[in-house]
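Undergrad: Prediction below, plus the sequence it came from.
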Amino acid sequence: MAMSMGSSKGPMVEINTTPLIDVMLVLLVTLIITLPVMTHSVKMDLPQNQHQQPPPTPPEVINLGIDFDGTITWNGTVVPNMQVLDGYFASESVKDPQPEIHLNPDGMAKYGIVAKVLADAQRNRLTKIGFVNTSEFAQ
C-alpha cells in the first residue's frame, strides 16, 4: 500500500509490514505448539463396581401440617398439644434411618407456631425437615 504526498517526485510513505508479519508468525508458532497438547488424552483405569449394593430404602415420610388456626396434624391426625408432638418427635428421632418431616404450614398460619414446631424438632435432633406447599398446584 503506497501513499504519495505532494508531487510524484516527493517521498513515498509506505506502511511497515514487518511488525505485522512478526506478530502473525508468533501466533502461528503458538498455535502449532499448543495444538498437540490439546489433542492428547489421559487414559485412566477406573475401578469397576464389583459388589452391587441394593438401593437404600427410602426413609419414612411424615406429613406435618399446621392450619391457619394453629391446629397441628401428624399424618392427618390432629395433635392435641405440644407435649404430644414432642413425644412424637422423640420417638421418631431414635429410628434409623430418621424419617423425613414434610412440614406444610398454611399460608395464614402464625409464624410463632411454625417456629415452635421447628424448634421442637431441632431440640429432638431431627435433621430431615423440609417445607412442602402444594396449594399452588391445587385446581
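TA: Received, thanks.
Undergrad: When you work out contacts or count neighbours from here on, use the C-alpha atoms and nothing else.
TA: OK.
Undergrad: Following the chain past the worst-scoring helix or strand of the chain on mean pLDDT, name the next helix or strand.
TA: In the chain, the helix or strand scored least confidently by mean pLDDT, DSSP states H and E is strand 2-4, which has a mean of 53. Scanning forward in sequence from strand 2-4 by DSSP states H and E, the next helix or strand is strand 12-14.
Undergrad: Just checking, which helix or strand succeeds that following strand along the chain?
TA: Assignment by DSSP H and E places the next element after strand 12-14 at helix 18-39.
Undergrad: now for that following helix, which elements pack on it?
TA: Judged by 3 or more Cα pairs under 8 Å, 6 or more residues apart in numbering; DSSP states H and E, helix 18-39 has no packing partners among the helices and strands.
Undergrad: any idea of the mean pLDDT for that helix?
TA: Averaged across helix 18-39, pLDDT comes to 84.
Undergrad: Also stretch 87-100?
TA: On average, the pLDDT along stretch 87-100 is 91.
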